[in-house]
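Asker: Okay, structure incoming, though there's no sequence with it:
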C-alpha cells in the first residue's frame, strides 16, 4: 500500500497543471531547510488541491534558514505563512562530527548537543516573536552508520546517543509551546528505511538528503499539520459490519460461523477493531451503518467473545434494511455532525459508490479485498490528526454514550422543559488558562453550527488574547445528571470602550445544543458587563452555510437590531431559565 | 524507443514531444533546471532499468548525451 505513491516527476508536472484554484480553504506554507528540498512544494500543492485546499508556498533559498529567521525583514516574514516547516538533517547539524564523532571526548559531545539546542532555541524564539505562523521543526534521523560499528553500543554517550539526546531535548524545549511542534522525521525514516530515504547519489550530486522518490511520502506526512490547522479533522468513523468488522455474513453464517478471533483470518478483523477502538479512545466517534437483521448483529456486538468494540463504543447504531444513504443522514442528524466530518468504511464497493455519489462530502477509503490490509488503510489515513489531544477528546466516547441515555430519557419526558428540568444542568464558567486554552482554540476551529461569528483562533492567538485586558475570554463546562460534557462553550468579548462591549465569539459544541445553556453563558457575560458599568453589549450574526441553529439567539435574547448589528441594553432584565445552575470559577 | 525517451522528457520538462531533438538542452528548454535535469535522469533510471554513475550524470549536457549513455547501458533506441 505504501508504495502506491506517484513519482516526484508526476507531482512536479501535476503542480504545473494546477489551475489557479480558489477553494474555500486556503493555506500559506513556508519551507525552510538545511538541504535541497526541491519538489516538496510541488507535492504539497498537489496533495492540498486533492483535499480542496488552495496552497501557496514560499521556499527559502538553499540552506538559508538561519538568515531568513533572524532577519525580520526577510521574504519569509513578508510572505506571512500560516505554517512554516523547518526541515533539518543530521549531517548538517553534526557537520564534521557526523564522520568523526569520536575525535572529541564524551563531555565535548554532550556540550556540542547542548550548543546546537541553544542555537535552535534562539531561532525558535526569534521566529515566534516575529511571526504568528505555526512552526514545525523536524527532529533528526538516526543513521545506521557509526564509525565505531558494533562497538557503538559499548560506547557511553555515543554518536547515536547524541542524536537521540538532541531529539529528546528539542522535544522538551517546545513541549509547552502552542505554536511550535516537532515533526518526527526520526520515525519517518524508520517507516521507510534509511537505505530508501537516503540515496548517496542524490546527496552527492545535489545535496538532496531525502531521496527524490520519498519527497511525496514526506509531503504526505506533513499533510496532517495542514488538515489540523484548517480544522478539517474528521470527527466520526461510520462502519459496516459484515466483512468489515468481522468476516462473513452473520445472517447467513450465524453467530458461530463468522470469522472473528485470534486465528487467521478472524484475527485480521480483531486487529482492525483494535485500531478503531484506539481512535475512539482518542476522541473519534464511532457509528454503525449496516444492512442486517438488528437482532443477529446486536447479538454479535453484545455477546461475541472476540468483539473488541462493544455497544458502548458506538455513538449511533443504524442496523436495518434501509438504504445506507438514509441511514447516514440519520446518523448525522442524531450526532449533530456534518457529513463532511465523516469517514465511512465498507467492504462492498457498490455501497461505497452509492454513498459517494449521494454524499460526496464523506471520505470513503477503498477497502482492499484482503482484510489483513484493513489496518494498513486506517493507519495511512491522516484525516484524524490534531495538534493536541485534550481531556474532551479522550472522554468523548463516554460522553456520547451518556448522550444516548439523555435521548432515551427525553423520549419519556412529556415536553422539552420538563426534560431539561430533570437533567440538573450545571454551567461552570472557567477562565482561559494553560489548561483550557487548547480546548478553547479547538472549539473555535471545529464548531460550525451553534457559532455566532465562526471566527477561528489558533492556540497561540487565544493565548495572546487571554493576556490582554481588552478582552473577556472564557469557556463553559457543562455537567448534568448523566455526566460531564466537558468544556463545550466558548465566548470572547471585546471591551470596545467603557460604554460598549462587543461579542466577538460565542459558540456551543453541537453536543450541548438545545439545552438552553447558552442563556446561562449570556447571563454571565451581561452580568460582567453590568459590573463594569458597561451600557451596551453589541453582537453580530455572521451567517454561514452551517450556523442556522444560532440564527435566532440574539433576537430571542432581547437583542435589538441596529443596522448590521444586534445590541443588548444592559438595563434590560435577562431571565436565565430556572433549571440551570451557573457557577463561576 | 526514442519515442519512450522523448515521452519521459516531455513529461518531466512539461513540453511537447515535437519540441524535443538531439540538441535539446538547458539552453533550449526553460524548464530544464539543474534539479529537473536530475529528476529526468532519475526517471530514466527507473523506466529503462539502468543506473547512471555520477560521472555520467555530470556529463549530460543535452538529449544526445542522454541517448549515448543509455546506449552504453545496453538500451536500444531505434528511431
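Answerer: Cool, the structure landed. Source: prediction; values computed, not measured.

Asker: Show me the domain layout of chain A.
Answerer: Here the domain parsing of chain A from automatic domain parsing is A:2-229, A:236-380, A:391-584.

Asker: Determine how far the strand ranked longest in chain A lies from the middle of the whole chain.
Answerer: Longest strand in chain A, counting residues (DSSP state E): strand A:483-494. Between the centre of strand A:483-494 and the centre of its host chain there is 18 Å, according to Cα atoms, centre = their mean, to the nearest Å.

Asker: and if you look at stretch A:574-585?
Answerer: 32 Å.

Asker: Which of the residues in it are classified as buried?
Answerer: In terms of neighbour count (16 or more other Cβ atoms under 10 Å in any protein chain shown), stretch A:574-585 has its buried residues at A:576, A:579-580, A:582. Glycine gets a C-beta too; all of them are placed from N, C-alpha and C.

Asker: Going by distance to residue A:114, which of these wins?
Answerer: For the buried residues of stretch A:574-585, the closest approach to residue A:114 (Cβ to Cβ) belongs to residue A:582, at 50.9 Å.

Asker: Chain B versus the closest residue to the closest one other than its chain neighbours, what's the distance?
Answerer: Excluding the flanking residues, the one nearest residue A:582 by Cβ to Cβ, 6 or more residues apart in numbering or on different chains is residue A:520, at 4.7 Å. Look at residue A:520 and chain B: by Cβ to the nearest Cβ, to the nearest Å, they are 60 Å apart.

Asker: Please apply the same query to residue A:312.
Answerer: Distance, residue A:312 to chain B, using Cβ to the nearest Cβ: 50 Å.

Asker: Could you do residue A:484 as well?
Answerer: 55 Å.

Asker: before we move on, what about residue A:367?
Answerer: Taken as Cβ to the nearest Cβ, the span from residue A:367 to chain B is 29 Å.

Asker: got a pLDDT number for that residue?
Answerer: At residue A:367, the pLDDT value in this model is 94.

Asker: residue contacts, the residue lying closest to residue A:212 once chain neighbours are set aside?
Answerer: Distance criterion Cβ to Cβ, 6+ apart; nearest residue to residue A:212, sequence neighbours excluded, is residue A:8 at 4.7 Å. Each residue near residue A:8 by Cβ atoms under 8 Å, 6 or more residues apart in numbering or on different chains is listed here: A:39, A:42-43, A:212-213, A:215-216, B:39, B:42.

Asker: and which of those is nearest to residue A:525?
Answerer: Closest to residue A:525, out of all of these and judged by Cβ to Cβ, is residue A:43, at 46.4 Å.

Asker: Roughly how far does that closest one sit from residue A:382?
Answerer: 14 Å (Cβ to Cβ, to the nearest Å).

Asker: pLDDT below threshold where in the stretch 301-450 of chain A?
Answerer: Where the stretch 301-450 of chain A drops to pLDDT under 70, the residues are A:414.

Asker: Run a quick neighbour tally on the residue in it that chain B sits nearest to.
Answerer: Using Cβ to the nearest Cβ, the single residue of the stretch 301-450 of chain A nearest to chain B is residue A:380, 22.8 Å away. The local packing of residue A:380 (other Cβ atoms under 10 Å in any protein chain shown) involves 12 other residues.

Asker: What residues does the residue nearest the centre of chain B make contact with?
Answerer: When Cα atoms, centre = their mean is applied to chain B, the residue found nearest the centroid is residue B:66 (4.8 Å). Residue B:66 makes contact with B:5, B:9, B:40-41, B:44, B:60, according to Cβ under 8 Å, 6+ apart.

Asker: Those residues in strands, which ones?
Answerer: Among the contacts of residue B:66, no member falls in strands (DSSP E).

Asker: Out of these, who's the most crowded?
Answerer: Of these, with other Cβ under 10 Å as the count, residue B:44 tops at 23 neighbours.

Asker: now that residue: how far from residue A:334?
Answerer: Counting by Cβ to Cβ - residue B:44 and residue A:334 are separated by 56 Å.

Asker: what does residue A:132 give?
Answerer: 39 Å.
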